[in-house]
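Asker: Here you go, sequence then predicted model.
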Amino acid sequence: MTTPPFATGTDKTVPDLDLIVREIAEEMRARPDRGEVASYIPELARADPTAFGIAVADADGHVAVGGDADVPFSIQSISKVFTLTLALGKVGDRLWKRVGREPSGSAFNSIVQLEAENGIPRNPFINAGAIAVTDVILSGHQPKEVLGEILRFMRFLADDPSISMDDAVAASEQRTGFRNRSLANYMKAFDVLENPVDYTLGVYFHHCALAMSCRQLALAGRFLAHGGRNPATGLSVVSPERARRINAIMMTCGHYDGSGEFAYRVGLPGKSGVGGGILAIAPRKASIAVWSPGLDASGNSHLGRIALEMLTQRLGWSVFG
């Protein structure tokens, strides 16, 4: 008989997940070192720097939560995990002719590598790579159709029809996204983008403006923790092989030039967003979402990473044993 991964507190030989999550949320609430809220997107600058939420969704459908776990926030680049999933479903491995799979070692909005590598983005999680992935999803469709597809996909994964896109955040990004326009136009010059730049960027800005809570995000990520299958329904979202490969890219590229530090500290595949969220995957165990708007120098949630490090240490969940 195998020992269950967590317990509700009746069996003292295994961790009490709910208690651990609550304790971590309380510890994070009390910390004075909170990072800096993103200010280059005006709407994100309005986020409450004292906020902190965490949710852990296990295979049995239980969600352990702490802090502001039910407060929606702008998931920003975490959406790139889900658009990558959709693009692979649409074109399969042909996607890798237009975007690489290697860590960038550069800032998420850097244009330097594009010039050196003929307009091919280094991976699908830096901004240039995510714009290229968005262009793949858009091909053959109108922007509104694709945005509807992305929104339906997220609602399906989380089993929550209330998930929406924040139009104010999307409009704020469109007004200030000059660097992203440069990246897109540079790729267009190399024929990496097939669609009009404004169409591709419009879809990109909107899917980054998805508003979700930690609870919703953890539920949406369950398929990556369970071999591509949604454990609540038994339905396959992607093949086990594709789930492993998406997790691999999250591990090596999910935190930009801070990906090595995240792997070292946390030891799980993860994807961050400048809204302060992080989605992390504990294979065969759980999907985890944390949110704290203050960022570190690499644009990743400062307290989010610390909270995940605490969680994996207390539960022994690192993929490295």
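Answerer: Looks like it arrived, so ask away.
Asker: pLDDT weak spots in the stretch 101-250 of the chain?
Answerer: Low-confidence segments of the stretch 101-250 of the chain (pLDDT under 70): none present.
Asker: That one: strands as residue ranges?
Answerer: For the stretch 101-250 of the chain, applying DSSP state E, counting those that start in this stretch gives strands covering 164-165, 210-212.
Asker: counting contacts, what elements does the longest one pack onto?
Answerer: This points to strand 210-212. Strand 210-212 is packed against strand 73-74, helix 143-158, strand 164-165, with contacts defined by 3 or more C-beta pairs under 8 Å, 6 or more residues apart in numbering; DSSP states H and E. Heads up, the C-betas are built off the backbone N, CA and C, glycines and all.
Asker: again, 7 Å this time
Answerer: strand 164-165 (3 or more C-beta pairs under 7 Å, 6 or more residues apart in numbering; DSSP states H and E).
Asker: quick revisit: just put the strands of the stretch 101-250 of the chain in a markdown table and tack on distance to Asn123.
Answerer: Converted to a markdown table, these look like this (distance: least, C-beta to C-beta, whole Å):
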| stretch | distance to Asn123 |
| --- | --- |
| strand 164-165 | 24 |
| strand 210-212 | 21 |
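Asker: Just name the most buried of the ones you listed.
Answerer: Per-stretch averages of neighbours, counted by mean count of other C-beta atoms under 10 Å, single out strand 210-212 among the strands of the stretch 101-250 of the chain, with a mean of 25.
Asker: Who are the contact partners of the residue most central in space within the chain?
Answerer: Centroid-nearest residue in the chain, with C-alpha atoms, centre = their mean: Ile78, separated by 2.2 Å. Residues in contact with Ile78 (C-beta atoms under 7 Å, 6 or more residues apart in numbering) are Leu217, Lys271, Gly273, Gly277, Leu279.
Asker: 8 Å instead?
Answerer: Leu217, Lys271, Ser272, Gly273, Gly275, Gly277, Ile278, Leu279 (C-beta atoms under 8 Å, 6 or more residues apart in numbering).
Asker: Assign it to helix, strand or coil.
Answerer: helix (DSSP: H, G, I helix; E, B strand; the rest coil).
Asker: and if you look at the one 4 residues further on?
Answerer: Three-state assignment for Phe82 (three-state DSSP): helix.
Asker: cool, and the one 5 residues further on?
Answerer: The three-state label given to Ala87 by three-state DSSP is helix.
Asker: Likewise for Met310?
Answerer: helix.
Asker: Which pLDDT value goes with it?
Answerer: Among the per-residue scores, Met310 holds a pLDDT of 98.
Asker: Run a quick neighbour tally on it.
Answerer: Residues contacting Met310 under the criterion other C-beta atoms under 10 Å number 17.
Asker: Would you check how far apart the closest residue to it other than its chain neighbours and Thr312 are?
Answerer: What sits nearest to Met310 in space, not counting adjacent residues and going by C-beta to C-beta, 6 or more residues apart in numbering, is Ile24, at 5.3 Å. Applying C-beta to C-beta, to the nearest Å, the value for Ile24 to Thr312 is 11 Å.
Asker: When these two are compared, which one has more neighbours?
Answerer: The neighbour count for Ile24 versus Thr312, taken as other C-beta under 10 Å, is higher for Ile24 (24 against 20).
Asker: so which helix or strand takes in the more buried one?
Answerer: Under the criterion of DSSP states H and E, Ile24 resides in helix 17-30.
Asker: what lines up beside whichever helix or strand comes after that helix in the sheet?
Answerer: Where DSSP H and E defines the elements, the next helix or strand beyond helix 17-30 is strand 36-37. Taking DSSP bridges as the criterion, strand 36-37 sits next to strand 294-295 (antiparallel) in its sheet.
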